[in-house]
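Asks: Below are the sequence and a predicted model; questions follow.
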Amino acid sequence: EAGSALEWWGDAGVDMLVHEAPRDWTAREVAPAVASGAAQPAALAEPEPEIPLPATLEAFIDWRFGSAAPESSWGEPIFAPTGNPAAPLMVITDLPETEDAGAASLLTGRAGRLFDRMLAAIGHDRDSIYLAPLCAARPITGQVPRDAEARLGELLRHHIQLAAPQQLLLLGQTVSRAILGTDNPAWRGRLQPVNQESGQSLTVATFPPRFLLTKPAAKADTWKDLQLLLGRQGL
């Protein structure tokens, strides 16, 4: 009977001993330290002290988009903001595009050309805006990791606080969620004030260029969103 039972489990693919409790078999195992004498209980790791974020825009950019960036462990290129940090309009994209890697700049390729036309439609170009990413590197999944959104959102809000733009243009649901606290489409189609220490930033959420390339019908709604920024410049 025992032999029959073992053969049955072998046919089912169970050919090794397992633990009663669930185990993450993909986790990295740490070899126990060899100690002399009686075994000592392992000490709990001390939590890393919370380090205040840099208080100036220049220092923050050096830290946020340098070798200490939270995304630096991903092994992907880090993309820094471009444009004029003192510009009245700050544009936030969710993450670098696939084509950005070759240019080492945000929003290049087809999405970048469409973005340039969007800017031109409201009287702007790359030199008259401040363009920054929520996620400074492109994950292999092509999406901002949900478990990293809270931290990246915190850093982005601090970035906006230091830049203190008069207007914000948010490209995509992930960016809207980070700044407005929701990705509800109801936020689209109107100006939403976002409070800063130095005042308010009038905010518009719309579709990112990559979405418009696959859904051209949404361009009409995006144009209506962009029009909200017209006439509000220079406030």
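Replies: Arrived safely.

Asks: ok, I122 - contacts?
Replies: By CB atoms under 8 Å, 6 or more residues apart in numbering, the contact set of I122 is 226-227, 229-230. C-beta: built from backbone N, CA, C; applies to glycine.

Asks: Among these, which ones are in helices?
Replies: 226-227 (DSSP state H).

Asks: what would the contacts of I122 look like in TSV with distance to A121, neighbour count and pLDDT?
Replies: Listed next are those as TSV, based on distance: CB to CB, whole Å; neighbours: other CB atoms under 10 Å; pLDDT from 0 to 100:
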residue	distance to A121	neighbour count	pLDDT
L226	6	17	93
Q227	9	12	92
L229	10	23	89
L230	9	10	82
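
Asks: between the contacts of I122, which is closest to A120?
Replies: L226 (10.5 Å; CB to CB).

Asks: contact partners of stretch 143-154?
Replies: 70, 94-95, 134-135, 139, 174, 177-179.

Asks: Among those residues, the buried ones, what's the ChimeraX command?
Replies: Selection of buried members from the contacts of stretch 143-154 for ChimeraX, criterion 16 or more other CB atoms under 10 Å:
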select :94,95,134,135,174,177,178,179
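
Asks: Among the contacts of stretch 143-154, which pair sits farthest apart?
Replies: P139 and I179 (20.0 Å).

Asks: Turn the contacts of stretch 143-154 into JSON lines, including pLDDT.
Replies: Formatted as JSON lines, the contacts of stretch 143-154 follow (pLDDT from 0 to 100):
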{"residue": "P70", "pLDDT": "89"}
{"residue": "D94", "pLDDT": "95"}
{"residue": "L95", "pLDDT": "94"}
{"residue": "L134", "pLDDT": "96"}
{"residue": "C135", "pLDDT": "95"}
{"residue": "P139", "pLDDT": "90"}
{"residue": "T174", "pLDDT": "93"}
{"residue": "R177", "pLDDT": "91"}
{"residue": "A178", "pLDDT": "91"}
{"residue": "I179", "pLDDT": "90"}
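
Asks: Dump the contacts of stretch 143-154 into a markdown table; add secondary structure and distance to D147 as well.
Replies: Below are the contacts of stretch 143-154 laid out as a markdown table (DSSP: H, G, I helix; E, B strand; the rest coil; distance: CB to CB, whole Å):
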| residue | secondary structure | distance to D147 |
| --- | --- | --- |
| P70 | helix | 12 |
| D94 | coil | 15 |
| L95 | coil | 15 |
| L134 | coil | 14 |
| C135 | coil | 12 |
| P139 | coil | 11 |
| T174 | helix | 13 |
| R177 | helix | 14 |
| A178 | helix | 14 |
| I179 | helix | 19 |
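
Asks: So which of the contacts of stretch 143-154 is the closest to T214?
Replies: Distance to T214 across those (CB to CB) is lowest for D94, with 15.2 Å.
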